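Engineer: I would like the atomic coordinates for the input below:
(2 chains)
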Amino acid sequence: GDSVTQMEGPVTLSEEAFLTINCTYTATGYPSLFWYVQYPGEGLQLLLKATKADDKGSNKGFEATYRKETTSFHLEKGSVQVSDSAVYFCALNSGFQKLVFGTGTRLLVSP
Amino acid sequence: EAGVVQSPRYKIIEKKQPVAFWCNPISGHNTLYWYRQNLGQGPELLIRYENEEAVDDSQLPKDRFSAERLKGVDSTLKIQPAELGDSAVYLCASSLDLGTGGYEQYFGPGTRLTVT
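Structural biologist: The predicted structure follows:
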């Protein structure tokens, strides 16, 4: 079945450092890919998405590129802020209208 | 525009007691989802509604869980009786499914259930 694998956290960075959170997937067909963010005490918010190979999703300085050849959708940001501290979930939808999530990666950014 | 609304935000009950969660989706969204998120894990789908119809309930433990979506708007998820392993965050989400793929699901804040 479909699955998503994320790097384990926590990822601990200093403010203004470069961020990469790895995400790889297994799916039938050509899924849409998503990154969701969950701030403490809040629900999940869509951060960015990509619907086909080589698409780049971007939002709030975060980017991720849909790589079909490596089945990956790594999340990157050039300069993180303390306010980016949250849990980040990679997810896919392979056309059955069901999101399949990874286990989440906690990001901790210190001043 | 108001987001997905859920209540209550927190619930503590003793095992074997019943519990219910309520969700009001974003206005106009035809598809509604209930997810369960265990501690340290990603959400897992329990049930999906298209309008009033439950079109995917394969992951719903039907011996103790039930759900309904009357009039294709609000939804209620019930557990009876609750077990210790049901402690989790229950998330509701909604989307406007236009059949074109790449749709976005919008999540509510969740209900954190603790069963003692």
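Engineer: in space, what's closest to residue 39 - neighbours in sequence excluded?
Structural biologist: I went with chain A, as the question did not name one. A:Ala86 (4.7 Å; C-beta to C-beta, 6 or more residues apart in numbering or on different chains). Bear in mind the C-beta positions are built from the backbone N, C-alpha and C, glycine included.
Engineer: hmm, I had chain B in mind actually
Structural biologist: B:Ala88 (7.3 Å).
Engineer: flag every buried residue along the helix or strand hosting A:Lys49.
Structural biologist: Secondary-structure assignment from DSSP states H and E places A:Lys49 in strand A:44-50. Using 16 or more other C-beta atoms under 10 Å in any protein chain shown as the test for burial, strand A:44-50 gives A:Leu44, A:Leu46, A:Leu47, A:Leu48, A:Lys49, A:Ala50.
Engineer: show me the shaky parts of the chain.
Structural biologist: Because you didn't say which chain, this covers chain A. Chain A contains residues with pLDDT under 70 at A:96.
Engineer: sorry, I should have been clearer: chain B.
Structural biologist: Low-confidence regions of chain B, defined by pLDDT under 70, span residues B:1, B:99-102.
Engineer: for it, which segments count as strands?
Structural biologist: Using DSSP state E, the strands of chain B run over B:5-7, B:10-13, B:19-24, B:31-37, B:44-50, B:53-56, B:65-68, B:75-79, B:88-95, B:106-107, B:111-115.
Engineer: redo these as a markdown table? Include distance to A:Val100 and mean neighbour count.
Structural biologist: Shown next, in a markdown table, are the strands of chain B (distance: least, C-beta to C-beta, whole Å; neighbours: other C-beta atoms under 10 Å in any protein chain shown):
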| stretch | distance to A:Val100 | mean neighbour count |
| --- | --- | --- |
| strand B:5-7 | 22 | 17 |
| strand B:10-13 | 27 | 14 |
| strand B:19-24 | 21 | 19 |
| strand B:31-37 | 11 | 24 |
| strand B:44-50 | 8 | 20 |
| strand B:53-56 | 13 | 13 |
| strand B:65-68 | 20 | 17 |
| strand B:75-79 | 20 | 19 |
| strand B:88-95 | 14 | 24 |
| strand B:106-107 | 15 | 22 |
| strand B:111-115 | 22 | 18 |
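Engineer: point me to the residue of chain B nearest chain A.
Structural biologist: For chain B and chain A, the shortest gap (C-beta to the nearest C-beta) falls at B:Gly42, measuring 3.0 Å.
Engineer: let me see the contact set for the closest residue to A:Thr70 other than its chain neighbours.
Structural biologist: What sits nearest to A:Thr70 in space, not counting adjacent residues and going by C-beta to C-beta, 6+ apart, is A:Thr24, at 7.4 Å. Applying C-beta atoms under 8 Å, 6 or more residues apart in numbering or on different chains, we find A:Thr24 in contact with A:Val4, A:Thr5, A:Thr70, A:Thr71, A:Ser72, A:Phe73.
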